[in-house]
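>>> build me a structure from this.
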Amino acid sequence: MGSTNVATTISKSKSKVGGSSKKGRQHVVHTRKYQKQKDRTSKNKEKAWSKHLAKHPKDMKAKENIKKAKERK
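This next block holds a predicted model:
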C-alpha cells in the first residue's frame, strides 16, 4: 500500500476575478425565490378552483383549471 501523490491545483475564487460571482450568486437566489413563488401561486390556484368546484359541480372548465394548476408544480 504505497502512497500516491495527487497533484492539486488551487483555483482563485471568482470574487477576485472581475466580480462576476456576485451576479451568479444573485441569479441562484432569485431563481429559487421565483420558483417558491410559482409553487405557492399554483397551490393557491388549485385550492381556489377546488372551492369553486364545490359550489359549482358541473363546471367543466374548473376541472381543467385544477389539472393545469397541478401540472405547474
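>>> mind listing what's buried along the longest helix seen in the chain?
The single longest helix within the chain, with elements called by DSSP state H, is helix 20-55. Buried residues in helix 20-55, counted by 16 or more other C-beta atoms under 10 Å: 42, 45-46, 49, 53. In this view, the C-beta of every residue, glycine as well, is placed from N, C-alpha and C.
>>> for that helix, the averaged confidence score.
Averaging pLDDT along helix 20-55 yields 80.
>>> any idea which helix or strand comes after that helix?
The C-terminal neighbour of helix 20-55 among helices and strands, as given by DSSP states H and E, is helix 60-71.
>>> run through who's touching that following helix.
Residues outside helix 60-71 that contact it (C-beta atoms under 8 Å, 6 or more residues apart in numbering): 42-43, 45-46, 49-50, 52-53, 56.
>>> so which of these is the closest to Tyr34?
Distance to Tyr34, by C-beta to C-beta, is smallest for Ser42 among the contacts of helix 60-71, at 12.5 Å.
>>> could you measure from that closest one over to Pro57?
23 Å (C-beta to C-beta, to the nearest Å).
>>> ok, now Ser50?
11 Å.
>>> over to Lys63?
10 Å.
>>> repeat for Val28
Applying C-beta to C-beta, the value for Val28 to Pro57 is 44 Å.
>>> next: His30.
In terms of C-beta to C-beta, His30 sits 41 Å off from Pro57.
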